[in-house]
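Engineer: Show me the folded form of this:
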Amino acid sequence: MSAAGENNKVIIKILGEEYIIRSSSSREHMLEVGDYVSALMEDLLKRYPRMSTQNIAVLTSLNLASELILLQKKPQKGKGGGK
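Structural biologist: Numbers count the residues shown, from 1 in each chain. Just a heads-up that it's a prediction; the model follows:
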C-alpha cells in the first residue's frame, strides 16, 4: 500500500480499451488486477464471440463475485474450529 492519502495512477488495457486507474494500492497490484480482469474477459470473448462487450463485462463480474463469495465462505486455517 502507498502512504495514506497517496494515489497511484496506472493505465490498463482491457479488450483494446485503455482505462486510467487511480488507487492507494501499489502500482504492481493494480496492474495485476487489470491483467486478471483482462484475461477473464478475453477468455469469455473467445468462448462467446458474438456476445456484446457489456454482457462479457457482466459475466466477468458475476464470475469474480462467485470467486469472492466462495473464498469468504472457505474456513480459514488457524481461526477457530469453524463450522
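Engineer: Which residues does the closest residue in space to E18 that isn't next to it in sequence form beta bridges with?
Structural biologist: Distance criterion CB to CB, 6 or more residues apart in numbering; nearest residue to E18, sequence neighbours excluded, is I11 at 5.4 Å. Using the backbone N, CA and C atoms, a C-beta is placed for each residue, glycine as well. Here I11 sits in beta bridges with I20, going by DSSP bridges.
Engineer: Make residue 1 into 378 and carry on from there
Structural biologist: Sounds good: first residue 378 from here, last item I388.
Engineer: ok, how many other residues are close to I388?
Structural biologist: Neighbourhood size, I388 [other CB atoms under 10 Å]: 11.
Engineer: swap in the one 3 residues further on?
Structural biologist: Taking other CB under 10 Å as the neighbour definition, I391 ends up with a count of 19.
Engineer: Averaged pLDDT, the one helix or strand V435 maps to. What do you get?
Structural biologist: Assigned by DSSP states H and E, V435 belongs to helix 430-450. Average pLDDT, helix 430-450: 97.
Engineer: can you list contacts of that helix?
Structural biologist: L392, V414, L417, M418, L421, L422, Y425, M428 (CB atoms under 8 Å, 6 or more residues apart in numbering).
Engineer: Please check these and keep the buried ones.
Structural biologist: V414, L417, M418, L421, L422 (16 or more other CB atoms under 10 Å).
Engineer: where does the second one land in three-state SS?
Structural biologist: Three-state call for L417 (DSSP: H, G, I helix; E, B strand; the rest coil): helix.
Engineer: and it, what pLDDT?
Structural biologist: 97.
Engineer: cool, the last one as well?
Structural biologist: On pLDDT, L422 comes in at 97.
Engineer: quick revisit: mind listing which of the contacts of helix 430-450 are in helices?
Structural biologist: Per DSSP state H, helices hold the following members of the contacts of helix 430-450: V414, L417, M418, L421, L422.
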